[in-house]
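Colleague: Attaching a predicted model along with its sequence, questions to come.
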Amino acid sequence: MMSWIRIPHVPLALLLVTGYQKGDCISDGTIVSDAREIEIGDNTSAPLCKFSAWERSKSYFDVQFHESDPVFVKFKLDTRGKSGMSINESSHADVIFPHNWVWTYSTENSNYPYLSLYMDYGIVSFSLLDARTLELDYLALYVIPDNQTENCRLIIGDNASMINVAKALSEIVVTNNTDENRYQKHFFCYLTKLPEVDTFAGLYFNFPTNVFQYSCCIFEYSYNEGRYSEPKCNQKQQKWTLCTTGPYFAGIIILAFCPIFLFQLLNTVGKDEICQPYDFDCLIDTPLTLCQDIQEEDTWIFLDGKPPLRLSDLPSRLLSDLKEHRPLTYSRLSRLLCVLIAPVLLFVRVLLFKDGIGSKNTVTVDDLVARSTPLGFLSLLAKYEHARQTFVPILGGPWVVLGLFYILGIIIIVTPRSLKQIIENGTPTKRKWSPLFFGVDEVLRMAMLEPETEPGYSRASTFCRGSFLMLFNVLFWKRVCYVNKTRFYG
């Protein structure tokens, strides 16, 4: 009999659990809702907060503004309850740093582009653009008391809430200026995330990918009415992509010339390495300078115009004993040093960003990387779990990529007995085995450069330089057309 009574309770219990999936069912049969839902329910019943500017913030802004006369002001938004009022604060999902705000303006004669620049404009300009930027600790707003309720809502990103905040902030700006008409427009902005941004190029090719933009409340002065109009909020400001994509493509062009400078550096470091030319048998009757840079002392000093001691020779002079008795060890140490200092520009950039962006309300690299911002090797400054998701995630992040660079550099550049000889063997003067590849002699002739080159690094550097210069010679294009004509038509 008792078992028959309990059976109907089973589907009843299942029904209760199904109907309240977001709650917790405890042993006495009561359902407890999630705490977050209770808070949200209370928030939706409370009115939106209305604010007034704190008098001390007005004085603080007035003093700082007249000292530096800025055109771009960064500050932390600080909201405070008054007379027992409490603030239930939240923000939309696309708002990045809800308390980091900026203010700027435009006049009849000038518009300032700070809202179109990236956050790191001060660092990449070496503080030149920071000359007209002011950073304040905070600007405080007090809630206007409401007798009907003890709490109110502030939703960063909501149009009505932002209008209330912007009106209070405008009291600080306009009140402290004798000429209210000085600003044709003024902007109060916070950062929001762009929707649907393709970050693949930023993740794998370090392409500058913008994922943020300013969302602003804009006051515009009406000369007909003699006052500012009601603010228009959630106005998105577009970024200048040319400021980042231009240097990126310029960097790619410079990177294409890196082999020339790399081989010149290796030639300076390893100029005393003995290297047998690839076409040694064909060069027996040629002058000795074509095979090896060994000259008589009087010729070396007086005829060639080369000084007996140069600044680049000082490091090798300090290790002259090692160079004389252990030439292979000296060569490998020199190449290892070149591999270690190769990413020096990356390390300099990391050093510039190590303290974050801003001096008072600092935004660190980890703050940006944690919000899926691809920053390339700057991700080294972020936590590993964040960095590995924003730079070459298929390999494991920037630390793994840097480690692979050094491992491959040691294997390919440092380990070989004579890298100079390997480079020489890879740059033959003639390549008879394929018409699609030109030899050194052909490239230098079409580039109108001196055909005689020293073997090894010097020949490789000259070959790279000639490969670029020959593109501007009609003879090269005639040769290309001739080669392809014979391939297709016999």
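Modeller: Looks like it arrived, so ask away. The structure displayed is predicted, hence computed values, not measured ones.

Colleague: Please count neighbours and contacts with C-alpha atoms only from this point.
Modeller: Noted.

Colleague: domain ranges for the protein?
Modeller: For the chain, whose domains are defined here by automatic domain parsing, the residue ranges read 2-33, 51-251, 257-293+418-489, 344-411.

Colleague: Now do the top strand by length along the chain: which elements does it pack against?
Modeller: In the chain, with assignment by DSSP state E, the single longest strand is strand 212-222. Using 3 or more C-alpha pairs under 8 Å, 6 or more residues apart in numbering; DSSP states H and E as the contact definition, the elements that strand 212-222 packs against are helix 159-175, strand 185-193, strand 227-228, strand 232-236.

Colleague: Provide the strand pairings for the third one, with the direction of each partner.
Modeller: Counting by DSSP bridges, the strands paired with strand 227-228 are strand 212-222 (antiparallel).

Colleague: picking up where we left off before, would you convert the domains of the chain into CSV that also reports distance to Arg335?
Modeller: Written out in CSV, the entries for the domains of the chain read as follows (distance: least, C-alpha to C-alpha, whole Å):
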stretch, distance to Arg335
domain 2-33, 63
domain 51-251, 25
domain 257-293+418-489, 8
domain 344-411, 9
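
Colleague: OK, contacts around Arg80?
Modeller: Counting by C-alpha atoms under 8 Å, 6 or more residues apart in numbering, Arg80 touches Ser86, Ile87, Ala140, Leu141, Tyr142, Val143.

Colleague: Considering those residues, which is situated nearest to Pro416?
Modeller: Top of the list for closeness to Pro416, among those and by C-alpha to C-alpha, is Ala140 at 65.3 Å.

Colleague: thought the closest one was touching Thr79?
Modeller: Yes. Using C-alpha atoms under 8 Å, Ala140 is in contact with Thr79, at 5.7 Å.

Colleague: quick revisit: among the helices and strands packed on strand 212-222, which gets the worst mean confidence?
Modeller: In terms of mean pLDDT, the lowest-scoring of the helices and strands packed on strand 212-222 is strand 227-228 (a mean of 83).

Colleague: Ends of stretch 81-101, what's the gap?
Modeller: End-to-end distance of stretch 81-101 (C-alpha to C-alpha, to the nearest Å): 20 Å.

Colleague: ok, and what's touching it?
Modeller: Under the contact criterion C-alpha under 8 Å, 6+ apart, stretch 81-101 has outside partners 43, 49, 74-78, 80, 142-145, 150-158, 188-194, 361, 371.

Colleague: next one: phi and psi at Asp69?
Modeller: Backbone geometry at Asp69, expressed as degrees, to the nearest 10, gives phi 50, psi 60.

Colleague: wait, doesn't it sit right on Arg132?
Modeller: Yes. Under the criterion of C-alpha under 8 Å, Asp69 is in contact with Arg132, at a separation of 7.1 Å.

Colleague: which stretch among the domains of the chain comes nearest Ser331?
Modeller: For those, proximity to Ser331 was assessed by C-alpha to C-alpha; domain 257-293+418-489 is nearest, at 6.6 Å.

Colleague: For the closest one, measure first residue to last.
Modeller: 36 Å.

Colleague: do the same with stretch 371-391
Modeller: The first and final residues of stretch 371-391 sit 13 Å from each other (C-alpha to C-alpha).
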